[in-house]
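Asker: sequence and predicted structure below; questions after.
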Amino acid sequence: MDQIRIGKFIAETRKSINLTQRQLADALSISDKTVSKWECGKGLPDVSLMLPLCSMLNITVNDLLSGEKVSETDYQKKAEGNMISLMEENKENKKRMVQSVITGIITIIAVVALIVIASFISLPTIIRIALIIVSAAVAAAGISVCAMLDIKAGYFECPHCKGLFVPSTNDYIKGCHTFTKRRLTCPKCGKTGMCKHRITR
Ligand SMILES: [Zn+2]
């Protein structure tokens, strides 16, 4: 799925019917920041928004996912290709989820080992302090890598409107969480709640 191409296509189509980002966003009840993110190729429209978006832009979902107006002879071929890309995206997400868990486990083991060494083995104070600083750095790096992989692995589901969205890194890190849910503010309905992490659309 070529996000940059799709983004350019959304921008071109929107401009060709004289809509601003704001007007398009309002019609879909989302923020204009979201529209701008799509158009810059930094994210795909959520599946639940694809039909309303396409009807606003007078295109088909197949056009949208192909990043161009699809001619009738190519239609079937492109539709199949787009379906396969969506399935591969889900596979990628599962891989990221696994990588995130593995990174988390390695981080915990490394940090615990460093702290044990620093606390229980007799070492010069300066080396002890260095070890503690290193373990803090390893913990910070591990947590941010985990967070990055985890944010990219799929979507969060709003408990109020059931909309799917990808939170900003900042919101993600600040949100308190359990293993499968995280407290986030939904960009679609604006409500805050425990959002379930879903790998697939
Ligand atoms: Zn919502």
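Answerer: Cool, the structure landed.
Asker: next, count neighbours for residue 74.
Answerer: Using other CB atoms under 10 Å, residue 74 is surrounded by 14 other residues. In this view, the C-beta of every residue, glycine as well, is placed from N, C-alpha and C.
Asker: residue 182 too?
Answerer: 21.
Asker: distance check, it against residue 194.
Answerer: To residue 194, residue 182 is 7 Å away according to CB to CB, to the nearest Å.
Asker: once you drop chain neighbours, what's closest to residue 9?
Answerer: residue 67 (4.4 Å; CB to CB, 6 or more residues apart in numbering).
Asker: my guess is the one you found meets residue 8, correct?
Answerer: Yes - judged on CB atoms under 8 Å, residue 67 makes contact with residue 8 at a distance of 7.0 Å.
Asker: more neighbours, the two?
Answerer: residue 67 (19 against 16).
Asker: for the more buried one, grab phi and psi.
Answerer: phi 70, psi 20 (degrees, to the nearest 10).
Asker: so the residue nearest to residue 43 when sequence neighbours are not counted, which state does it fall into?
Answerer: Nearest residue to residue 43, sequence neighbours excluded (CB to CB, 6+ apart): residue 37, at 4.8 Å. Classification of residue 37 using DSSP: H, G, I helix; E, B strand; the rest coil returns helix.
Asker: could you report the neighbour count for residue 37?
Answerer: 18.
Asker: now swap in residue 114 and tell me
Answerer: Neighbour count for residue 114, taken as other CB under 10 Å: 19.
Asker: residue 189 against residue 161, yeah?
Answerer: Yes - counting by CB under 8 Å, residue 189 does reach residue 161; the two are 4.1 Å apart.
Asker: overlap of the contact sets of the two?
Answerer: By CB atoms under 8 Å, 6 or more residues apart in numbering, residue 189 and residue 161 have no common neighbours.
Asker: which residues of this protein score low on pLDDT?
Answerer: The model of the chain has pLDDT under 70 over residues 201.
Asker: after the lengthiest helix in the chain, next one along is what?
Answerer: Using DSSP state H to assign secondary structure, the helix with the most residues in the chain is helix 75-120. Sequence order places helix 125-152 as the next helix or strand after helix 75-120, per DSSP states H and E.
Asker: packing partners of that next one?
Answerer: Judged by 3 or more CB pairs under 8 Å, 6 or more residues apart in numbering; DSSP states H and E, helix 125-152 is in contact with helix 75-120, helix 169-174.
Asker: what helices and strands are in contact with the shortest one?
Answerer: Packed against helix 169-174, as judged by 3+ CB pairs under 8 Å, 6+ apart, are the following elements: helix 125-152, strand 181-185.
Asker: so the first one versus helix 75-120, what angle?
Answerer: The reference is to helix 125-152. 160 degrees (axes from the mean of the first three to the mean of the last three CA atoms, to 10 degrees).
Asker: the very next helix or strand once past helix 125-152: partners in the sheet, and parallel or antiparallel?
Answerer: Helices and strands here follow DSSP H and E; after helix 125-152, the next one along the chain is strand 155-157. Paired neighbours of strand 155-157 in the sheet (DSSP bridges): strand 164-165 (antiparallel), strand 192-198 (antiparallel).
Asker: hang on, isn't residue 66 packed against residue 82?
Answerer: Yes - assessed by CB under 8 Å, residue 66 is found in contact with residue 82 at 6.4 Å.
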